[in-house]
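**Q** One predicted model, sequence on top.
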Amino acid sequence: MEIEVFNETNEKLAKELKELKEFLISVAKDEKLDNIIYNVIIVDNEKIREINREYRGKDMATDVISFALEDDKTFNRCDIRILGDIYISIDKARSQALEYGHSFKRELYFLAVHGFLHLLGYDHMTKEDEEVMFKKQEEVLSRYGIER
């Protein structure tokens, strides 16, 4: 299993991102996913806005964007699942934590789990899919005591 967390901001986040990586490794093990590779990239609002504009045609900052390689049906599957990349805006994580009245850690972990579930094929395009995905998110976060 390889889960890498990269900080592409000027913020000092070494401790927080080390803990996030450990959390994500535990989540993957709990889900019986020991053959996966993916990245989490922490960026600022400016960078995520660029990504959102280029890949989704939306000229605005967002909180998390996932690029799931397994969505590409031509992707060559092998023993190791290369899931893709998750981009998280640190600025949005901080502002949403304040807005929702919970900790920065809770928001960061929520966004990471949300992105991870997208890499695994979960989505929220329909009401039914949203219910399944959001229930799974809350189950994962609750299992680790990460509550609102």
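**A** Perfect, I can see it now. Numbers count the residues shown, from 1 in each chain.
**Q** which residues in the chain form helices?
**A** Secondary structure of the chain by DSSP state H: the helices cover 14-30, 45-56, 90-100, 104-119, 127-143.
**Q** Of all these, which one comes closest to Ile65?
**A** Closest to Ile65 of the helices of the chain, according to CB to CB: helix 45-56, at 5.8 Å. No exception for glycine: its C-beta is placed from N, CA and C like everyone else's.
**Q** chain center to that closest one: distance?
**A** Counting by CA atoms, centre = their mean, to the nearest Å, helix 45-56 is centred 16 Å from the centre of its parent chain.
**Q** So what touches that helix?
**A** Applying CB atoms under 8 Å, 6 or more residues apart in numbering, the contact partners of helix 45-56 are 8, 43, 58-63, 65, 67, 87-89, 91-92.
**Q** Which of these fall within strands?
**A** Among those, the members found in strands (DSSP state E) are Val43, Ile65, Phe67, Tyr87, Ile88, Ser89.
**Q** For ChimeraX, what selects the buried ones among the contacts of helix 45-56?
**A** Under the burial definition 16 or more other CB atoms under 10 Å, those of these that qualify are selected in ChimeraX by:
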select :43,61,62,63,65,67,87,88,89,91,92
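**Q** Go through the contacts of helix 45-56 and name the one nearest Glu19.
**A** So of these, ranked by how close each gets to Glu19 (CB to CB), first place is Ile88, at 14.3 Å.
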